[in-house]
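Q: please find the sequence and the predicted model below.
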Amino acid sequence: MNSLIRNTARCLRSGAAVYIPRQADGRVWTSSARFLCAAADIQKALGDIVQKDKVVVFMKGTPAQPMCGFSNAVVQILRMHGVDDYASYNVLEDSELREGVKAFSNWPTIPQVYFSGEFVGGCDILLQMHQNGDMVEELKKLGISSSLLEAEKESK
């Protein structure tokens, strides 16, 4: 109980939580402060995570073992472009992460891809970028040379 009080006080001092009065009887609903604090902590952590690496993928499973077709497609697209050095987070291991990333990006589905802290989209967006050539340009902005571009140069 003491840790709950300390955490709630810390969140209140930081401005991360507020008390929300109940409609019916006007009482203060203290559990909302704890929830909002946890949500604020997750959002801050996600902000830090997506800034840490040039390419970040929140997916179901891992790049070595994707657990859904859409996550697998994202891994394959990145692999085709020679992007092997990226951070991936398995949302199946942590329900708070899974729901938190959806709220963070305001995007309802997984996988989610970030380039230099900016939300790019999910599988459909990455596939479209791959098909229309935008992926090569976006990777170039990150300082990553697409393997497809290199293969095209070698074939000429």
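A: Arrived safely.
Q: how much space between the closest residue to residue 68 other than its chain neighbours and residue 50?
A: Distances taken as C-beta to C-beta, 6 or more residues apart in numbering place residue 60 nearest to residue 68, at 4.4 Å, with adjacent residues excluded. (Glycine included, C-beta is placed from N, CA and C.) Taking C-beta to C-beta, to the nearest Å as the measure, residue 60 falls 18 Å from residue 50.
Q: which of these two has more neighbours?
A: The neighbour count for residue 60 versus residue 50, taken as other C-beta atoms under 10 Å, is higher for residue 50 (24 against 18).
Q: what residues are up against that one?
A: The neighbours of residue 50, taking C-beta atoms under 8 Å, 6 or more residues apart in numbering as the test, are 56, 114, 117, 119.
Q: can we see that at 6 Å?
A: Contact criterion C-beta atoms under 6 Å, 6 or more residues apart in numbering gives 56, 114, 117 as the residues in contact with residue 50.
Q: return the members of the residues you listed classed as buried.
A: Among those, the ones that count as buried by 16 or more other C-beta atoms under 10 Å are 56, 114.
Q: which of the contacts of residue 50 lies closest to residue 104?
A: For residue 104, the nearest member of the contacts of residue 50 is residue 114. The distance, counting by C-beta to C-beta, is 9.7 Å.
Q: doesn't that closest one fall inside a strand?
A: Yes: in this structure, residue 114 lies within a strand as judged by DSSP: H, G, I helix; E, B strand; the rest coil.
Q: where are the low-confidence patches of this structure?
A: For the chain, the stretches with pLDDT under 70 are 1-40, 150-156.
Q: what segments of it are strands?
A: Counting by DSSP state E, residue ranges of the strands within the chain are 20-21, 28-29, 55-59, 87-90, 112-115, 118-121.
Q: can you give me the helices in this structure?
A: Read by DSSP state H, the chain holds these helices, from start to end of the chain: 2-14, 30-52, 69-80, 95-105, 123-132, 134-141, 147-155.
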